[in-house]
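**Q** Here's my sequence, what's the structure:
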Amino acid sequence: MTDITDIDLPYNGWQPRPHQKKLWRYLARGGKRAMAIWHRRAGKDEVLLHHTSVSMMERPANFWTCLPEYAQARKALWSAVNPHTGIRRIDEVFPRQLRATTDEGMMFIRYHNGATWQCIGSDTYDSTMGSSCAGLTMSEAALSNPAAWAYFKPMIEENNGWAAFISTPRGKNHTYDMFKYAQRQPGWFAELLTAEQTGALTKDKLDEALAEYQALYGEAMGSAQYRQEYLCDWNAGGSIGSFYTVEMLAVRDQGRVLEVEALEGQPVHRSWDIGMADDTSVWWWQNQGAQCVILDCYSNSSQGLEHYAELIENRNRERGWIGGIDYVPHDAKVREWGTGKTRVETMRQLGLSPMLVQDASLQDGINAVRQTLQFCVFHPRCEKGISALEQYKREWDDDLKTFKKTALHDWTSHYADSFRYLSLSWKHAPRREIPPAPMEGWIIPPPEEPRRGRIIL
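**A** Here you go, the predicted model:
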């Protein structure tokens, strides 16, 4: 067995390529915050994996690489094989001689000095509760749940650790805003590199990539995908297959994310997507003239309705909001096992004011969102929800090489669903103080019917 004193890091004589040296030097010299918006196949993960391995030998601590979804981590990193060498990527980076433990199921490595590295997902970021981290890589950050970094940041700061965000663009979403912030912030590393700048791929390879995208997605969409992936174009259409690309680009480009507050004396309503094991998401909003002003959003999982009722009460008190109506999906009237009560009944007992949204198809709801977004102004505190709307997209059928009509279920789904209920509700919402509601809940009449007041279920 090779003595560990004979092992040099980075392992296997790895050296950064010319375009990677600037980031590598920044991290090697103790840099704490880095954003690398590099083109596809530029070696973003390669640099950060080697930096993580070196960091593990320098400091016995926990280090994580976070992918947008936990399931992606196995395919993209843990099980991935370098096609040039035929060796697993993790074996090229983390020497087996230094490992005390390799857990295939948990995607976890422990070095003999006690340092650990693990793959995690932004879709299950709260599964790390109780852990501590001294080095974090947010891989494909533009596709990750922005709530994950908000959750990890206190850990990193407490441990005086480092965090690196690596990605290609996905429209002008939360990663775009963070990159602009990093460019202005002293001490941050911020770099955008296109394939034309790095020379990492030959012109023939780039031409081949463009042709493949156009064959797969069509000429227009394929060209947009190529500009996004290889030219790092923030304006190339956001996430391919997303439902609201055009509308959300307009929200950003027209400056409709700005500090705006609720009008005094008018109710602030809420729209819900109510889950059980999955997330429950809530949007706060108010009609102001012809505009729908989106004031806040929140999402959590594995919490009872009591948690949300308390949160709403606190926000109303702290911000001076008049509580409005809680617009909930049609299935909220279904009685639950165990209690025998509907969610509407439970919400009323907690002091909320539920009203059932009309039972519309997914496509009708999506069309309603597209129409509604033209009238929306968002407060910056809604950034997580804004990013979700930008990234909410169709499922891809790899056999047929086309997008399905159905939506991909990921962290964006619940924000998008609750916003869909908002879009089916806001034109009917009362604009003045709301009188006490009937005990069994209300239902909103469909747009094509005249308004006939409250309908008791």
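**Q** okay, now the domains of this protein?
**A** 4-198, 203-240, 267-443 (automatic domain parsing).
**Q** quick one, what contacts the residue positioned nearest the centre of the chain?
**A** With the centre of the chain defined as its mean C-alpha position, the nearest residue by Cα atoms, centre = their mean is residue 145, 2.4 Å away. Each residue near residue 145 by Cβ atoms under 8 Å, 6 or more residues apart in numbering is listed here: 68, 122, 123, 125, 384, 411. C-beta: built from backbone N, CA, C; applies to glycine.
**Q** Please report the distance of the nearest residue to the first one once chain neighbours are set aside from residue 39.
**A** Going back to what we said before, that points to residue 68. Take residue 68 and drop its neighbours on the chain: the residue closest to it by Cβ to Cβ, 6 or more residues apart in numbering is residue 143, 4.1 Å away. As judged by Cβ to Cβ, to the nearest Å, residue 143 and residue 39 stand 16 Å apart.
**Q** picking up where we left off before, let's have the domains of the chain in a markdown table, adding mean pLDDT.
**A** As requested, those are exported to a markdown table (pLDDT from 0 to 100):
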| stretch | mean pLDDT |
| --- | --- |
| domain 4-198 | 93 |
| domain 203-240 | 85 |
| domain 267-443 | 85 |
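**Q** Let me know which of those domains is the nearest to residue 251.
**A** Residue 251 lies closest to domain 267-443 among those, at 6.4 Å (Cβ to Cβ).
**Q** now the strands for the stretch 251-400 of the chain?
**A** 267-273, 279-288, 291-301, 322-328, 354-356, 376-378, 394-397 (DSSP state E, counting those that start in this stretch).
**Q** looking at those strands, which is closest to residue 139?
**A** strand 394-397 (19.9 Å).
**Q** and the closest residue in space to residue 147 that isn't next to it in sequence, what does it touch?
**A** Leaving aside its sequence neighbours, residue 147 sits nearest to residue 384 (Cβ to Cβ, 6+ apart; 5.5 Å). Going by Cβ under 8 Å, 6+ apart, residue 384 touches 145, 146, 147, 174, 297, 299, 415.
**Q** Strands - which of the residues you listed land there?
**A** 297, 299 (DSSP state E).
**Q** Identify the farthest-apart pair in the contacts of residue 384.
**A** Among the contacts of residue 384, 174 and 299 lie farthest apart (Cβ to Cβ), at 14.2 Å.
**Q** Residue 255 and residue 177, how far apart?
**A** Residue 255 is 13 Å from residue 177, by Cβ to Cβ.
**Q** neighbour count winner among those two?
**A** residue 177 (17 against 8; other Cβ atoms under 10 Å).
**Q** Now do the helix or strand that the more buried one is a member of: which elements does it pack against?
**A** Residue 177 belongs to helix 174-184 when assigned by DSSP states H and E. With contacts defined as 3 or more Cβ pairs under 8 Å, 6 or more residues apart in numbering; DSSP states H and E, helix 174-184 has these neighbours: strand 33-38, strand 162-167, strand 188-193, helix 383-391.
**Q** Any buried residues in the second one, and which?
**A** By that I understand strand 162-167. 162, 163, 164, 165, 166, 167 (16 or more other Cβ atoms under 10 Å).
**Q** rewinding a little: and the helices and strands packed on helix 174-184 as JSON lines, adding distance to residue 350?
**A** Below are the helices and strands packed on helix 174-184 laid out as JSON lines (distance: least, Cβ to Cβ, whole Å):
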{"stretch": "strand 33-38", "distance to residue 350": "41"}
{"stretch": "strand 162-167", "distance to residue 350": "38"}
{"stretch": "strand 188-193", "distance to residue 350": "44"}
{"stretch": "helix 383-391", "distance to residue 350": "23"}
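**Q** and the ones you listed, which is most packed in?
**A** When you average the neighbours per residue for each of the helices and strands packed on helix 174-184 (mean count of other Cβ atoms under 10 Å), helix 383-391 leads with a mean of 25.
**Q** what's the neighbour count on residue 425?
**A** Residue neighbour count, defined by other Cβ under 10 Å, stands at 24 for residue 425.
**Q** Please name the residues that touch it.
**A** 269, 271, 327, 355, 357, 444.
**Q** now swap in residue 77 and tell me
**A** Counting by Cβ under 8 Å, 6+ apart, residue 77 has contacts 45, 49, 65, 67, 89, 90, 107, 119, 139.
**Q** Repeat the analysis, applying 7 Å as the threshold.
**A** Residue 77 makes contact with 45, 65, 89, 119, according to Cβ atoms under 7 Å, 6 or more residues apart in numbering.
**Q** Do I have it right that the second one meets residue 141?
**A** No: in this structure, residue 65 is not within contact of residue 141 by Cβ atoms under 7 Å, at 11.5 Å.
**Q** When the two are compared, which one has more neighbours?
**A** Using other Cβ under 10 Å, the more surrounded residue of residue 65 and residue 141 is residue 141, with 29 against 24.
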